[in-house]
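S.K.: I'll drop the sequence and a predicted model, then ask my questions.
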Amino acid sequence: QVQLVESGGGLVQPGGSLRLSCAGSGSIFSINHWAWHRQAPGKQRDLVASMTSSSTTYADSVKGRFTMSRDGAKNTVYLQMNSLKFEDTAVYYCKIVIMDNGRLQDYWGQGTQVTVSS
């Protein structure tokens, strides 16, 4: 089993910054990719950023403002969020996709709330 725990969310003013962390534990092998998703009230869960061993991609809405990084030794990923906007308010979820017995299996964290408000 794999467990993911997010942290770092909170209340921030527009233009401010936050850094989210996602610590993984358990049987983390054969990683396909890590990702951050977010879900605003009444909306679907959307992909924010995705990281493989060779590349990182971002949603258009966060390009140039958000940066995803990883500490492989700690099985931890981060999401540095700068120049935050009201529309970035959401619950942010971390996800890992691993290859398990020949099939891809995804695991999610519990989510961390990010609120951008003046």
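M.R.: Structure received.

S.K.: got phi/psi on the residue nearest the centre of the chain?
M.R.: Centroid-nearest residue in the chain, with C-alpha atoms, centre = their mean: Trp36, separated by 2.5 Å. Main-chain dihedrals, Trp36, degrees, to the nearest 10: phi -120, psi 130.

S.K.: hmm, Met68 and it touching each other?
M.R.: Yes - using C-beta atoms under 8 Å, Trp36 is in contact with Met68, at 6.4 Å. Glycine gets a C-beta too; all of them are placed from N, C-alpha and C.

S.K.: so what sits against both of these two?
M.R.: 49-50, 77, 79 (C-beta atoms under 8 Å, 6 or more residues apart in numbering).

S.K.: excluding its backbone neighbours, what's nearest the residue nearest to the centre of the chain?
M.R.: Nearest residue to Trp36 in three dimensions, chain neighbours excluded: Val48, at 4.4 Å (C-beta to C-beta, 6 or more residues apart in numbering).

S.K.: so who does that neighbour touch?
M.R.: Applying C-beta under 8 Å, 6+ apart, the residues near Val48 are 35-38, 58-59, 62, 66, 79, 92.

S.K.: list buried residues within these.
M.R.: The neighbour count (16 or more other C-beta atoms under 10 Å) marks 35-38, 58, 62, 66, 79, 92 as buried among these.

S.K.: and the two most separated of those residues?
M.R.: The distance between the two most remote of the buried ones among the contacts of Val48 (C-beta to C-beta) is 13.8 Å, for Tyr58 and Tyr92.

S.K.: okay, now Val114: neighbour count?
M.R.: 22 (other C-beta atoms under 10 Å).

S.K.: pLDDT score assigned to it?
M.R.: pLDDT for Val114: 98.

S.K.: and for Met68?
M.R.: In this model, Met68 is scored at 98, pLDDT.

S.K.: check which helix or strand covers the closest residue to Gly8 other than its chain neighbours.
M.R.: Nearest residue to Gly8 in three dimensions, chain neighbours excluded: Leu20, at 4.2 Å (C-beta to C-beta, 6+ apart). Per DSSP states H and E: Leu20 is located in strand 18-26.

S.K.: so which bits of that strand are buried?
M.R.: Along strand 18-26, the positions that meet the burial threshold by neighbour count (16+ other C-beta under 10 Å) are 18, 20-24.
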